[in-house]
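Engineer: Pasting the sequence and the predicted model now:
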Amino acid sequence: MRERILDATARIIREDGIAAVRTKRIAALAGCSEGSIFTHFEDKGALLAAVLSYGLPEGQALVEAAGRARAAPDLRAGLLILAEATRDYYRASLPMSGSALSDRALFERYAAAHRKAGTGPHLVWERLAAYLAVQQDRGAVARHLDLRLEAVSLAGTCQYAAWIEMIDGLESLPYGRDFLARMVDSRIPVLAGTALDAST
């Protein structure tokens, strides 16, 4: 039932925005009673937090991408898998999280629900950092790097790329549809510790 409620809520937000999220409509789409929604979710903020954490196919795809990245033949291949999944997640989640910002009280409940559940946007960069740590253990990533900062930088680039693509279209990005591949290629020497020192 929880999954049906999450799917129904995500569908409503995608189609009509967060203002259209009403328990009656969710219940009709999910095939449940209105009361059962709040058996699973404390309030609308908690429901929205759960949708962004567990209810988006792109979120599940990002989790699965972490496993595929670890099995990839090299750092570049794995990083590209994760970058594409991260961009896709942001493309799906930005309109939803942006909608919550339009209602201050809802946003505060949404943020509180994330903190209570231990979910939220930090999970994206933490997945990237975990992948980089695996690659560091394998010797593909330099030991001196702060993997948290590298992961936040990569996640931020993917988020910004998703935002540009949503507003201006894919061709507004440098290199268009090749942007992520070019971005990954530009980071590999830094991550591997083989970037040339400009001072030498």
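Structural biologist: Received the coordinates, thanks. Numbers count the residues shown, from 1 in each chain.

Engineer: Only the buried residues of stretch 189-198, if you could.
Structural biologist: By neighbour count, and taking 16 or more other C-beta atoms under 10 Å as the criterion, the buried residues in stretch 189-198 are 191-192. Just so you know, the C-beta spots here come from the backbone N, C-alpha and C atoms, and that holds for glycine as well.

Engineer: give me the element Leu191 is part of.
Structural biologist: Take DSSP states H and E as the rule and Leu191 turns out to sit in helix 179-192.

Engineer: what does Ser97 give?
Structural biologist: Residue-wise, Ser97 maps onto helix 75-101 under DSSP H and E.

Engineer: do you know how far the closest residue in space to Gly17 that isn't next to it in sequence is from Tyr110?
Structural biologist: Among residues not flanking Gly17 along the chain, Ser99 sits closest, at 5.6 Å (C-beta to C-beta, 6 or more residues apart in numbering). Here the criterion is C-beta to C-beta, to the nearest Å. By it, Ser99 lies 10 Å from Tyr110.

Engineer: If you count surrounding residues, which of these two has more?
Structural biologist: Set Ser99 next to Tyr110 and count neighbours by other C-beta atoms under 10 Å: Tyr110 wins out with 27 against 19.

Engineer: gap between the helix or strand containing the more buried one and the chain center?
Structural biologist: Secondary structure from DSSP H and E places Tyr110 in helix 104-117. Helix 104-117 sits 17 Å away from the centroid of its parent chain (C-alpha atoms, centre = their mean, to the nearest Å).

Engineer: Output the contacting helices and strands for that helix.
Structural biologist: Helix 104-117 sits against helix 44-50, helix 75-101, with contacts defined as 3 or more C-beta pairs under 8 Å, 6 or more residues apart in numbering; DSSP states H and E.

Engineer: rank the ones you listed by pLDDT, which is bottom?
Structural biologist: Mean pLDDT per stretch puts helix 44-50 lowest among those, at a mean of 84.

Engineer: Burial check on Tyr54, number of neighbours?
Structural biologist: Neighbour count for Tyr54, taken as other C-beta under 10 Å: 16.

Engineer: do Ala28 as well
Structural biologist: By the criterion of other C-beta under 10 Å, Ala28 has 12 neighbours.

Engineer: And Ser172, by the same measure?
Structural biologist: 12.

Engineer: Fine by me, we can end here.
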